[in-house]
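S.K.: Here is my input; please provide its structure:
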Amino acid sequence: MKAQLPSSAIDASNRSFWRRRGRPILICAVAAVLFGCVGYLTPVTDIGTTTATLAAQTQCTGDTPSNPCTYWFQYWADGATRTTSTSRTSISGAYTGAAGFDLTNLLPGTLYHNVFCGYGDSNLPANGWWCAGPDLAGQGYYVAKLLCQPQTSAACQALLASPDLSQAGAFRTGAAAGGGVPAITGTPDIGRVLSTADLPASPISRDDGQSVQYADGKALWLFGDTQQYTPSGGSGFMGGTTAAFGAFAQGEAPQTLNEAPTPGTGALRTGLTAPQPFLPSSPGLKVPGTTTPCTGTGNYSPAWTSGELLEDSGKVLITIGEVCVHNGALMDEGFGVMEWNPATNSFTNGSTINTVFKNTGANGLPYQENLSHPVLGPQGSYIYLYSSSFSTDGTVPSGVYIARVPAAQAATATSASYQFWNGTTGTWVAAANFAQATSMISFPSTIIPIGISVGDFSATTNHNYVMLVKVLETGVTTGTKAAMVIYSAPIPTGPWTKGPTVVIPDTCTGNIFGCYAIEGHPELSYVGKFVYSYFSPDDQSGDGTARDGSGNQVYAVGHIRLGTIDW
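M.R.: Numbers count the residues shown, from 1 in each chain. Okay, the predicted model is just below:
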């Protein structure tokens, strides 16, 4: 249910009193009215095992001394039926800036939600107070305009039960080490990745979420399978990779990205209202174990991005996983690359994937050849790529593997140009001997690595190469909660040093994988603050007007969300 904006929150021009990030406070020049008490949440900071600092931005004009601006926060553990309110703080006179409150006595390792509440000045009497969520790019629906009084009110209960995770702030507390379980580092949610086409009436659900800075202040985001819903019906399921581009700010979730046109159809441009295919489909794939093409009902063969790298030429190398999806089951059958030119929005090798490794047999591509996340080595001569393996029954060893290819040949190289690292002998072996590759990280039996993300963070943080490993770890992950361990290394080959363990600030229950597609983002990170994204299967958005292809009202389910780690 969409919450309604209280009448006290509308000025004579019918404009919301909510202050938008990066925009001036609205002033009605004709009536010479300045509305005074406004605010919105900002991400939680200083998260410990039982402590955290709630934060917001607020403005008070001080135009009604008898009704001074007064603010407080409400917070609650996930699943609670009531909120807890902090003490109230009153502000005398005019004020613009931060508001905050230090919480204590929280539960360790627990997911919390919070909103910012207040009243005051001429626009909000004490009996007409509001509660606000995060301010997201001026998209009114995504701001929680909820009166939450009393606690038993429908609006308050709607907030507690809202499936739209952007209606409130979220954070997960840390936990101390003990009983053989590592310490868990706390982490806040900082918002949903949005494009200008992802609106309340036309919400977009999209998988994965990888980014690469391709110019000063500009980044390209690549997504997995995508679907958009509109009032007239859904745009249809788009299997494969879509993209969006635009400006970014360190430490913030990008929320005004532009949908990217399909490469080869014209230069990057703004104004598209729907996602477009970005990578071509993968030809020649087979239904696993057969000679039947991976086409037709129940089958499709997407090309999913597995990593991106800005080359010295200014072009972007995109690594690709070629997959047959057969009745919902996935089989990796190929690894390839394409090179994208941002200046022309075109691929330098046309519209054909340069497939490097391919195996359409019953077992698909060997895990050593299923490469991803290219990074440039310190001397710039080689590009290094990574793969991982695991099984829950021990039939496949858990490991992380590395290959390399000459940087000058990366876009056009064949398998003959690739080498794999054998740590036992300390040598690089030819691609034909890929089975001799050894894991760079030794995982204990209590940890199963089920996905990796690697990036070069040396330009923005005090770490060089950083690897996120999504893990199933005894005592850390229960149910479908998603956890990750961070490793860092001075050079691409390691040694890799274990860093924080983090549990994502999300319920992570709406999918058999839980939260997944955990990715690091160098351009959004900075010294002391590491930014990551993940796919949230529980996050829903829309305003109740969007419909699917059958005409049924829907809310888009599943979004890319961001979090930060102090490191």
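S.K.: can we go C-alpha only for contacts and neighbour counts from here?
M.R.: Fine.
S.K.: Apart from its chain neighbours, what residue comes closest to Ser388?
M.R.: Take Ser388 and drop its neighbours on the chain: the residue closest to it by C-alpha to C-alpha, 6 or more residues apart in numbering is Val400, 4.3 Å away.
S.K.: residues contacting the one you found?
M.R.: When contacts are counted by C-alpha atoms under 8 Å, 6 or more residues apart in numbering, Val400 touches Tyr386, Ser387, Ser388, Ser389, Thr438, Ser439, Met440, Ile441.
S.K.: before we move on, what about Pro125?
M.R.: Residues near Pro125 by C-alpha under 8 Å, 6+ apart: Asn67, Tyr119.
S.K.: where's it relative to Cys37, distance?
M.R.: According to C-alpha to C-alpha, to the nearest Å, Pro125 and Cys37 sit 10 Å apart.
S.K.: what residues are shared contacts of the two?
M.R.: Tyr119.
S.K.: So what pairs up with Lys358 in the strands?
M.R.: On the basis of DSSP bridges, Lys358 is bridged to Gly334.
S.K.: hang on, it packs against Met331?
M.R.: No - Lys358 lies out of contact with Met331 (C-alpha atoms under 8 Å); the separation is 11.6 Å.
S.K.: Which stretches in the stretch 101-250 of the chain count as strands?
M.R.: 111-119, 130-132, 169-172, 184-185, 187-192, 204-206, 210-215, 218-223, 226-228, 242-247 (DSSP state E, counting those that start in this stretch).
S.K.: what about these, which gets the closest to Thr49?
M.R.: Among the strands of the stretch 101-250 of the chain, the nearest to Thr49 by C-alpha to C-alpha is strand 184-185 (8.0 Å).
S.K.: so how far is the closest one from its chain's centroid?
M.R.: 19 Å (C-alpha atoms, centre = their mean, to the nearest Å).
S.K.: who are the neighbours of it, in terms of helices and strands?
M.R.: Helices and strands touching strand 184-185, by 3 or more C-alpha pairs under 8 Å, 6 or more residues apart in numbering; DSSP states H and E, are strand 497-503.
S.K.: what does the average pLDDT come to for the next helix or strand after the strand it packs on?
M.R.: Moving toward the C-terminus from strand 497-503, the next helix or strand (DSSP states H and E) is strand 516-520. In this model, strand 516-520 has an average pLDDT of 96.
S.K.: what angle separates strand 516-520 from strand 210-215?
M.R.: 30 degrees (axes from the mean of the first three to the mean of the last three C-alpha atoms, to 10 degrees).
S.K.: Beta-bridge partners for Tyr119, please?
M.R.: The partner residues for Tyr119, given DSSP bridges, come to Thr70.
S.K.: Count the residues that sit near it.
M.R.: Under the neighbour criterion other C-alpha atoms under 10 Å, Tyr119 is assigned a count of 26.
S.K.: Could you do Thr104 as well?
M.R.: Neighbour count of Thr104, defined by other C-alpha under 10 Å: 12.
S.K.: Excluding chain neighbours, what is closest to it?
M.R.: Thr51 (4.6 Å).
S.K.: Could you count how many residues lie near the one you found?
M.R.: Thr51: 19 surrounding residues under other C-alpha under 10 Å.
S.K.: about what we covered before: what about the residue nearest to Ser388, is that helix, strand or coil?
M.R.: Secondary structure, DSSP: H, G, I helix; E, B strand; the rest coil: Val400 is strand.
S.K.: can you pull the pLDDT of it?
M.R.: So Val400 comes in at 96 (pLDDT).
S.K.: distance of it from Asn123?
M.R.: Val400 is 58 Å from Asn123, by C-alpha to C-alpha.
S.K.: Where does the prediction get shaky in this protein?
M.R.: Within the chain, the stretches with pLDDT under 70 are 1-36, 136-153, 155-156, 479-480.
S.K.: which stretch of helix or strand covers the closest residue to Gly271 other than its chain neighbours?
M.R.: With C-alpha to C-alpha, 6+ apart as the criterion, Gly271 has its nearest non-adjacent residue at 7.1 Å, and that residue is Asn258. Using DSSP H and E, Asn258 sits within strand 258-259.
S.K.: Tell me the strands beside that strand, with direction?
M.R.: Here, using DSSP bridges, strand 258-259 pairs with strand 242-247 (antiparallel).
S.K.: Identify the residues contacting the strand it pairs with?
M.R.: Here strand 242-247 makes contact (C-alpha under 8 Å, 6+ apart) with 195, 217-226, 254, 256-260, 275-279.
S.K.: Filter these down to the buried ones.
M.R.: 195, 218-226, 254, 256-260, 275-279 (16 or more other C-alpha atoms under 10 Å).
S.K.: wait, what's in contact with the closest residue to Phe245 other than its chain neighbours?
M.R.: Nearest non-adjacent residue to Phe245, counting by C-alpha to C-alpha, 6+ apart: Leu220, 4.5 Å away. Taking C-alpha under 8 Å, 6+ apart, we find Leu220 in contact with Ser211, Val212, Gln213, Tyr214, Ala243, Ala244, Phe245, Gly246.
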